[in-house]
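**Q** any chance you could fold what I've pasted below:
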Amino acid sequence: MAIVAIWTGEDCAALRRAYGMKQAMFAHTLGVAERSVRRWEKGETPVGGLGQATYSTMLAKAPEDVAERFEQLRRSESDMKRRELLKASAIGAGALATLGLGDSAERAAWLLSGAGRPDVAAVSLVRSTLHHAMQLDDLLGSPAAQGMVVAQQQVTGAMLRDCPAALRPEVLSLYAEWTGLAGSLAWDGQDYSTAARLYTQARENAHDAEDSDLGAYLLCHLSQLETWQRRPRIAVDYAVAARSWVMQSQDCHLRAYVAIRNAEAAAIAAQRSACLEALDEADAMLVGVEPCHPSQSRAYFMGAGIQESYRGNCLAILGDAVHAVAASRQALATMPPNYVRDRAVTLLELERALIQLDEIEEAASAVAEAAALAEQNRSPRLASALAEGRHRLSPWADTRTVRELDAVLAPRDILIA
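**A** Numbering: from 1, shown residues only. I've put the predicted structure just below:
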């Protein structure tokens, strides 16, 4: 199933038609107002963060026949737009003819996916592009990085077809990294089956390249995916496997991240002692270590701030709300400001612990602050988490505090539970 990076009005209408529903029924199924569906499809208003996540979820849940109709409708729309663009452009057809491409979709695909014989400099350049894509996802969300990731995964895959033997392991690792990043974008878009498939493919390529650190990193992704889906025993299996591969690594950032994945998996498996031991292991790895550039570590984001955020989440899962609140507050005080999505997620984790302590006013304030960050980072996963955060406050919906929060969320397409 294709990943829709950014839902346009045409995409929204295509999905509704694929389901065979009128706007009123489709809006009810989505849980939004009919006028929102109407405005989105007409292009009168952009599809907001939660709307993006809602449509992605609706597509992920679609029966096979509905998904196929949606793909057909999108292809038809895309072909129509392409023909209109060629007719409207004074140089479009001529330029394609000069390239010898004509109007052939197959030859256009060849142009997009082709790559020459790679050398060390080419691999270094593509890897630097990978690092930019990772940072773009951190700052603005998966929709901003989607196009770059898809294109560069194709280019790197093409490099493998004509790669010198001595360079093949490095190119294979690079291809695995692009594939893993594509999996992360699918996960962020709540397409879990695609994420699992891409993570698994990337892990196999990493092992073929004999890149143990990358294999461990991708096993962490698989563990996180299972943690997110609340399948604790499988999450623990992947996390333990990651630990076995990373034991000899010199990358302290990565070893700390593997420990964190073990901690979160243990937390949802109700293994308190194992969780706390893994958190302490991560602390030991991070002594004197700060976040770095992606060229220095695949777990470049690890540092005191992120570590405290993970600690707060684990403690909240274990029911230790007091210490969870303290850890989340410390995370927000020390996390780099450009970690937009991580700061927003930490605020929502703080909210959960504050509710356990009956600190409703501060909990609502945390959700409002997270919503403001979501204006910059359009992660579908973050939008969904915001909706869940508001839902947790449903018992206090009639209070002034939550009514004020609703007024803040309303323009941002956050569903009111």
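**Q** how does this structure divide into domains?
**A** Following automatic domain parsing, the chain resolves into domains at 9-99, 337-417.
**Q** just these: most buried one?
**A** domain 337-417 (a mean of 19; mean count of other C-beta atoms under 10 Å). C-beta: built from backbone N, CA, C; applies to glycine.
**Q** next one: that one to chain centre, how far?
**A** 19 Å (C-alpha atoms, centre = their mean, to the nearest Å).
**Q** stretch 328-345 too?
**A** Centroid separation for stretch 328-345 versus its chain: 17 Å, with C-alpha atoms, centre = their mean.
**Q** span of it from start to end?
**A** Start and end residues of stretch 328-345 are separated by 10 Å (C-alpha to C-alpha, to the nearest Å).
**Q** ok, now stretch 287-294?
**A** One end of stretch 287-294 sits 19 Å from the other (C-alpha to C-alpha).
**Q** show me what counts as buried in it.
**A** By 16 or more other C-beta atoms under 10 Å, the buried positions in stretch 287-294 come out as 289, 291, 294.
**Q** got the contact list for it?
**A** Contacts to stretch 287-294, defined as C-beta atoms under 8 Å, 6 or more residues apart in numbering, come from residues 130-131, 134-135, 252-253, 256, 300-306, 336.
**Q** let me know the pLDDT of the nearest residue to residue 367 once chain neighbours are set aside.
**A** Spatial nearest neighbour of residue 367, excluding adjacent residues (C-beta to C-beta, 6 or more residues apart in numbering): residue 389 at 4.6 Å. Model confidence at residue 389, given as pLDDT, is 93.
**Q** cool, and residue 416?
**A** So residue 416 comes in at 42 (pLDDT).
**Q** what's the answer for residue 41, then?
**A** At residue 41, the pLDDT recorded in the model is 91.
**Q** and what of residue 117?
**A** pLDDT at residue 117 comes out at 80.
**Q** my read: it touches residue 160, true?
**A** No. Here residue 117 does not reach residue 160: they are 11.1 Å apart, not a contact under C-beta atoms under 8 Å.
**Q** neighbour count: these two, which is higher?
**A** residue 160 (16 against 11; other C-beta atoms under 10 Å).
**Q** report the contact partners of the more buried one.
**A** By C-beta under 8 Å, 6+ apart, residue 160 lies in contact with 168, 171, 172, 175.
**Q** how far does stretch 265-277 sit from its chain's centre?
**A** Centroid separation between stretch 265-277 and its chain, computed with C-alpha atoms, centre = their mean, is 25 Å.
**Q** how about residue 299, what does it touch?
**A** 217, 251, 253, 254, 256, 257 are the contacts of residue 299 under C-beta under 8 Å, 6+ apart.
**Q** circling back: in a markdown table: the contacts of residue 160, plus pLDDT.
**A** Formatted as a markdown table, those follow (pLDDT from 0 to 100):
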| residue | pLDDT |
| --- | --- |
| 168 | 94 |
| 171 | 95 |
| 172 | 95 |
| 175 | 94 |
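**Q** wait, which of the residues you listed is closest to residue 402?
**A** Minimum distance to residue 402 across the contacts of residue 160 is 48.0 Å, recorded for residue 175 (C-beta to C-beta).
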